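1. Following is a predicted model, sequence given first.
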Amino acid sequence: MRKIILALLVSTTTAGCVPGPQPQHRTLFDAGGMQVISVFANRTDKTLSILYGDSAALIAARSEYRQSDKEGQLTLVTYHQADNRFWYGSLVNGAIKSVEHIGITPEAGATPAFAYRLSQGQPTADASGHMINADERVRQILAHRPVVFP
Amino acid sequence: MKRSQKRLWIWATPIVLFAGLQFFQPGQTNPPVTHPIQAPAAVTSILKRACYDCHSNETRLHWYNQVAPVSWLVSEHVNTGRSRFNFSTWDTLSPVQQQGLLWEMVNMVLDGKMPLPSYTAIHPAAKLSQEDIAVLKAYVNGLSPAQYHDTTMIRQAAQQYTTAGATAPGQSKPIPVAANGVAYQPGFRSWQVISTTNRFDNNRSIRVLYGNAIAAAAVKDNKINPWPQGSVLVKVVWDIVQEKNGDILPGAFNNVQIMIKDNKKFGASGGWGFAKFNGLELKPYGKTAAFNTACYNCHKAASDYDYVFNLPATQ
């Protein structure tokens, strides 16, 4: 009896919470079968980044890109940081800011060759606003050691 | 029955019933205050005003709360509120538990879930102002300050990286299972990435959230209210190394957390089965299946998205 009356009371106090109109789509970045190599962020730039690689790049990453037997591909997706709607204390990725690619080509008896390409967004600038050239950008991206997965 | 008699009954029945209800009183009592929360007065005065009626042993009972059936509802709220956390026995919790709860409090307040809206409707003075919320935010931020270039974290990450590299990825290891039956998901690295997050609360870390094919399709079509049966979410958590220039770099792998949508098995927790596996040995968190409720209770803050927090923005 008490439970029934309570249920009635509760249902009358919570009724009327109808959710608002729902948006139609959410875009997820399609990494085309590549896997996460590393993840990092910058609170000053307000960005969150995920570095993906194909199987050859995953292996090359373990040698800090000093060795590679096969052509490989890295993709760095950088997102604008957004507040988490439901949690003050967590920052989540918002819209994509840039997408950069590095092609890895093996070189006999030497470190591999790297080819940089920006497919979305603006070239990266340093803290004083100077454009970072492709070689320097490659060096920055490759400096991200792979994260450990279980 | 005469007309006047009938009218009398129409009037008398509810009154008699109402009077009768009063014999069923929950007998709300205030147990002793043994270990009250220690915090700046600006903080405790807000908590006392807005939360103590249900989350402490200093419940103030107003006359209208002592009349059934309202008293039953009040009693249910007080008993549930105290069972979740109690400011009067606060120091029996570990500092880690206290910090976690305080951040949860700020978020429950920001989401309009606490104090209970049914309570503020009767006690408007318990509503928190923007200034109150700013005081609570500043307090929790102060409890969890950033540590720049934390050498312990850097050392731990380097050590884990070297040892993990030396051993082959453990494909042959048995798959760990949590006490509620939710198993670890070994294949998640080839799933769709749903989002990435960086936390600056008591859980400073960086995370990647993966979804299986069912979950990823549901996110793309925004059919996540509720999430479809069979959705699986896997979140990988790494420590962080924070630098003064704003860099947040991943540290050691910390844990994997899982949510599995199975309405039959986990109907009592919104259809979600939760699990957490700690460290590279993937030690299941929770001695008994009861841990599932604690996960669910905090995820109620995201009830608008069927208890999932981390969604990418819509288009």
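-> Yes, it's here.
2. from here on, contacts and neighbour counts on C-alpha atoms
-> Noted.
3. so where's the stretch 51-200 of chain B uncertain?
-> Scanning the stretch 51-200 of chain B with the threshold set as pLDDT under 70 gives B:63-65, B:165-172.
4. Would you map the strands across it?
-> Secondary structure of the stretch 51-200 of chain B by DSSP state E, counting those that start in this stretch: the strands cover B:192-199.
5. which bits of it sit near chain A?
-> Proximity of the stretch 51-200 of chain B to chain A, by C-alpha under 8 Å from any C-alpha of the partner chain, involves residues B:69, B:72-73, B:103, B:106-107, B:111, B:118, B:160-161, B:164-165, B:169-170, B:189-190, B:192-200.
6. Drop anything exposed from the residues you listed.
-> Taking 16 or more other C-alpha atoms under 10 Å in any protein chain shown as the criterion, what is buried in those is B:69, B:72-73, B:103, B:106-107, B:111, B:160-161, B:189, B:192-200.
7. What segments of chain A are strands?
-> For chain A, the strands defined by DSSP state E occupy A:35-42, A:47-53, A:72-83, A:90-107, A:110-120.
8. ok but residue B:5 is inside a helix, no?
-> Yes - counting by DSSP: H, G, I helix; E, B strand; the rest coil, residue B:5 is found in a helix.
9. count of neighbours near it?
-> 9 (other C-alpha atoms under 10 Å in any protein chain shown).
10. do you know how far it is from residue A:93?
-> 71 Å (C-alpha to C-alpha, to the nearest Å).
11. Please apply the same query to residue B:45.
-> Taking C-alpha to C-alpha, one finds residue B:45 at 36 Å from residue A:93.
12. can you check residue B:32 too?
-> For residue B:32, the distance to residue A:93 - C-alpha to C-alpha - is 46 Å.
13. Who has more neighbours out of the two?
-> Higher neighbour count among residue B:32 and residue A:93: residue A:93, with 26 against 11, using other C-alpha under 10 Å.
14. Point out where chain A drops to low pLDDT.
-> Applying pLDDT under 70 to chain A flags residues A:1-23.
15. And the residue nearest the centre of it?
-> Central residue of chain A (C-alpha atoms, centre = their mean): residue A:50, 2.5 Å from the mean position.
16. Residue 131: how many residues sit nearby?
-> I went with chain A, as the question did not name one. Using other C-alpha under 10 Å, residue A:131 has 13 other residues around it.
17. Chain B was what I was after
-> 9.
18. Show me what residue B:275 is bridged to.
-> In this entry, residue B:275 is beta-bridged to residue B:258, by DSSP bridges.
19. what do you get for residue B:249?
-> The partner residues for residue B:249, given DSSP bridges, come to residue B:241.
20. surely it meets residue A:41?
-> Yes - contact criterion C-alpha atoms under 8 Å: residue B:249 and residue A:41 qualify, at 6.7 Å.
21. Between the two, which is the more surrounded one?
-> Neighbour count, other C-alpha under 10 Å: between residue B:249 and residue A:41, residue A:41 has more, with 28 against 23.
22. which non-adjacent residue is nearest that one?
-> Take residue A:41 and drop its neighbours on the chain: the residue closest to it by C-alpha to C-alpha, 6 or more residues apart in numbering or on different chains is residue A:48, 4.2 Å away.
23. Help me confirm that the one you found comes into contact with residue A:83.
-> No - using C-alpha under 8 Å as the test, residue A:48 is too far from residue A:83 to be in contact (11.9 Å).
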